[in-house]
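Novice: Have a look; sequence and predicted model below, questions after that.
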Protein chains: 2
Amino acid sequence: MSDPVRACLIIIGNEILSGRTHDKNLPYLAEELNKIGVRLAETRVIPDIEDTIIETVNECRAKFDYVFTTGGIGPTHDDITSNCIAKAFGVENALNAEAHALLKSHYENPEDLNEARLRMAHVPVGAELVQNPISKAPGFRMENVYVLAGVPMIMQVMFQGIKHQLIGGEPMVSRSVGGYIAEGSIAKVLAEIQDDFPQADIGSYPFLREGKLGTTLVVRGESADDVNQASERIRLAIIEGGRDVIEDTGAVETAGA
Amino acid sequence: MSDPVRACLIIIGNEILSGRTHDKNLPYLAEELNKIGVRLAETRVIPDIEDTIIETVNECRAKFDYVFTTGGIGPTHDDITSNCIAKAFGVENALNAEAHALLKSHYENPEDLNEARLRMAHVPVGAELVQNPISKAPGFRMENVYVLAGVPMIMQVMFQGIKHQLIGGEPMVSRSVGGYIAEGSIAKVLAEIQDDFPQADIGSYPFLREGKLGTTLVVRGESADDVNQASERIRLAIIEGGRDVIEDTGAVETAGA
């Protein structure tokens, strides 16, 4: 078993931290990365403050295999991500000819490509553009840092355009088994199963359905064998607890890309 | 104007990072903290890994006025938050008599309070309990760190029980003004308005409604005067751009508690 390939997501934007906007990019990226064998190992939500962005990007790009940022690449004064990434890498944030051409092609009336919108054609020197088929203004990559839009629809097409560049490890396999059994009633045997399968990761998630308390156990790992063996013991534990297994997804291969 | 009181939220749980569970605690806490003059200044989502939890808690409790953690305080093997907080503070994670009594009162049949569930009565030595009227298993406070449940319903009642302890600064006032005008068309004047009101924070959020592109501008600040003056200039800018203002919340006082 090789070390997992780990990614960090940095969500940039006051609107997320104020509660105004609910982030949708974390779950999307988490699942898409899983499919190609990259684990989302941490996420940070930070405000539109230059020092914080620079510091966070520099810490995370040293610590993780890949860093994705979302947000802050539009035309307004609070869109400071490109500038901050340039500073984090110690380069200029400059007009990029390719990005400029993309924006020119998008605005029929040349007057519409005003000074504010031209900011979206500025990227750190040395960056490689990430295409945006929806509204043209590109994201970009600097080394292991991918700078993507915050609008989920645009972020998603940007990610689909670059995911072939990512080198993942073994994709994760997962299986969910659930029943109307309380977590606390099954916890002891779960701990034993976890001990017997240290390479798998067993999560326990209580739920309330139709007024009844139950638990879904999710086993995840790189080995389908491990995942299945651990899951079978969980099925047995639920049944021995006198309950029915009401949910079993079977092992789900999430290998994709 | 005093320095804002700043909080950090640490969301602990593999299920969030895998995309399985969508967090609902960030927006709730963000809005509730706003009401009492505390700003959510950063959020981290981290996995159920001991070293990561300890390191993150120690970094954030030194950096922010308040830290809130959610998740990992149940009865199963993956619930390691209490243990990690104890280690972060260099104290034992020990059976707490008050927590023990709460759990005894919750389980009618003494057998149900098994070893796994007793873990929920263990908190770091010196911690003050945070009440959980729903399922009794308490959260706790260690200095400026509040350890809360991950289940949103329980997290919310826990927070309501402790919010009187928090000492906030000036509550934020906000006003949202929107129209069918593109961000890029209004960006220049927005930057000027932002320059004129450096204490306010102007956010620009594009939207697509009924096939039409528009932008909502959100002005936030401690001074209602600033917020209103900046918002009036934004209204004017939209109108001068030849568009109607289709949304104006007026200044919303979010002082509460």
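Specialist: Cool, the structure landed. Numbering: from 1, shown residues only, chains lettered A, B, ... in the order given.

Novice: Only C-alpha atoms from now on, for both contacts and neighbour counts.
Specialist: Noted.

Novice: any idea how chain A splits into domains?
Specialist: A:5-165, A:173-253 (automatic domain parsing).

Novice: Go ahead and measure how far the shortest one is from the middle of the chain.
Specialist: Going by C-alpha atoms, centre = their mean, to the nearest Å, the spacing between the C-alpha centre of domain A:173-253 and its chain's C-alpha centre is 25 Å.

Novice: Next, count neighbours for the closest residue to chain B within the stretch 101-250 of chain A.
Specialist: In the stretch 101-250 of chain A, no residue comes nearer to chain B than residue A:187, which is 4.8 Å away by C-alpha to the nearest C-alpha. Residue crowding around residue A:187 was assessed by other C-alpha atoms under 10 Å in any protein chain shown; the count is 21.

Novice: can you tell me how far it sits from residue B:94?
Specialist: With the distance defined as C-alpha to C-alpha, to the nearest Å, residue A:187 ends up 19 Å from residue B:94.

Novice: Tell me the spacing between the residue of the stretch 101-250 of chain A closest to chain B and residue B:87.
Specialist: As for residue A:187, its distance to residue B:87 is 23 Å (criterion: C-alpha to C-alpha).

Novice: And for residue A:222?
Specialist: Spatial separation of residue A:222 from residue B:87 under the definition C-alpha to C-alpha is 30 Å.

Novice: before we move on, what about residue A:118?
Specialist: 51 Å.

Novice: any idea what sits nearest residue A:177, other than its immediate chain neighbours?
Specialist: Of all residues not flanking residue A:177 in the chain, residue A:248 sits nearest, at 4.4 Å (C-alpha to C-alpha, 6 or more residues apart in numbering or on different chains).

Novice: What about the one you found? Give its phi and psi, please.
Specialist: Taking degrees, to the nearest 10, you get phi -160, psi 110 for the backbone angles of residue A:248.

Novice: what's the burial count for it?
Specialist: With other C-alpha under 10 Å as criterion, residue A:248 counts 16.

Novice: what's it in contact with, if anything?
Specialist: Contacts were defined as C-alpha atoms under 8 Å, 6 or more residues apart in numbering or on different chains; by that measure residue A:248 touches A:175-178.

Novice: one more time with 7 Å, if that's ok
Specialist: For residue A:248, the residues meeting the contact criterion (C-alpha atoms under 7 Å, 6 or more residues apart in numbering or on different chains) are A:176-178.

Novice: Where neighbours are concerned, which of those residues has the most?
Specialist: Tallying neighbours with other C-alpha under 10 Å puts residue A:178 at the head of the contacts of residue A:248, with 24 neighbours.

Novice: For the stretch 151-257 of chain A, which residues are neighbours of chain B?
Specialist: Taking C-alpha under 7 Å from any C-alpha of the partner chain, the part of the stretch 151-257 of chain A that reaches chain B is made up of A:183-184, A:187-188, A:191, A:203-204.

Novice: now these as a markdown table including secondary structure and pLDDT?
Specialist: What follows is these, written out as a markdown table (DSSP: H, G, I helix; E, B strand; the rest coil; pLDDT from 0 to 100):
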| residue | secondary structure | pLDDT |
| --- | --- | --- |
| A:183 | helix | 92 |
| A:184 | helix | 92 |
| A:187 | helix | 95 |
| A:188 | helix | 95 |
| A:191 | helix | 95 |
| A:203 | strand | 94 |
| A:204 | strand | 93 |
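
Novice: which one of these sits closest to residue A:171?
Specialist: residue A:203 (17.8 Å; C-alpha to C-alpha).

Novice: how near is the closest residue to that closest one other than its chain neighbours to residue A:233?
Specialist: Leaving aside its chain neighbours, residue A:203 sits nearest to residue A:218 (5.1 Å; criterion: C-alpha to C-alpha, 6+ apart). Residue A:218 sits at a distance of 12 Å from residue A:233 (criterion: C-alpha to C-alpha).

Novice: Repeat that for residue A:172.
Specialist: Distance of residue A:172 to residue A:233, computed by C-alpha to C-alpha: 20 Å.

Novice: so where is the stretch 151-257 of chain A shaky, pLDDT-wise?
Specialist: Across the stretch 151-257 of chain A, the ranges flagged by pLDDT under 70 are A:254-257.

Novice: can you give me the helices in it?
Specialist: A:152-162, A:183-196, A:224-240 (DSSP state H, counting those that start in this stretch).

Novice: Using PDB, write out every CA atom in the second one.
Specialist: In other words, helix A:183-196. The C-alpha coordinates for helix A:183-196 follow below in PDB (Å, rounded to 0.1, in the frame of the first residue of the first chain):
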ATOM      1  CA  GLU A 183     -24.400   3.500  17.800                       C
ATOM      2  CA  GLY A 184     -23.700   2.800  21.400                       C
ATOM      3  CA  SER A 185     -25.100  -0.700  21.200                       C
ATOM      4  CA  ILE A 186     -22.700  -1.700  18.400                       C
ATOM      5  CA  ALA A 187     -19.700   0.500  19.300                       C
ATOM      6  CA  LYS A 188     -17.700  -2.200  21.100                       C
ATOM      7  CA  VAL A 189     -17.800  -4.700  18.300                       C
ATOM      8  CA  LEU A 190     -17.100  -1.900  15.700                       C
ATOM      9  CA  ALA A 191     -13.900  -1.000  17.600                       C
ATOM     10  CA  GLU A 192     -12.900  -4.700  17.400                       C
ATOM     11  CA  ILE A 193     -13.600  -4.800  13.700                       C
ATOM     12  CA  GLN A 194     -11.700  -1.600  13.200                       C
ATOM     13  CA  ASP A 195      -8.700  -3.100  15.000                       C
ATOM     14  CA  ASP A 196      -8.800  -6.100  12.800                       C
END
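
Novice: what sits up against that helix?
Specialist: A:202, A:206, A:215, A:230, B:75-77, B:116-117.

Novice: Mind putting the residues you listed into a markdown table with neighbour count and distance to residue A:150?
Specialist: What follows is the contacts of helix A:183-196, written out as a markdown table (neighbours: other C-alpha atoms under 10 Å in any protein chain shown; distance: C-alpha to C-alpha, whole Å):
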| residue | neighbour count | distance to residue A:150 |
| --- | --- | --- |
| A:202 | 28 | 32 |
| A:206 | 19 | 32 |
| A:215 | 20 | 34 |
| A:230 | 23 | 38 |
| B:75 | 25 | 37 |
| B:76 | 25 | 36 |
| B:77 | 20 | 36 |
| B:116 | 21 | 42 |
| B:117 | 21 | 41 |
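
Novice: Thanks again, I'm all set now.
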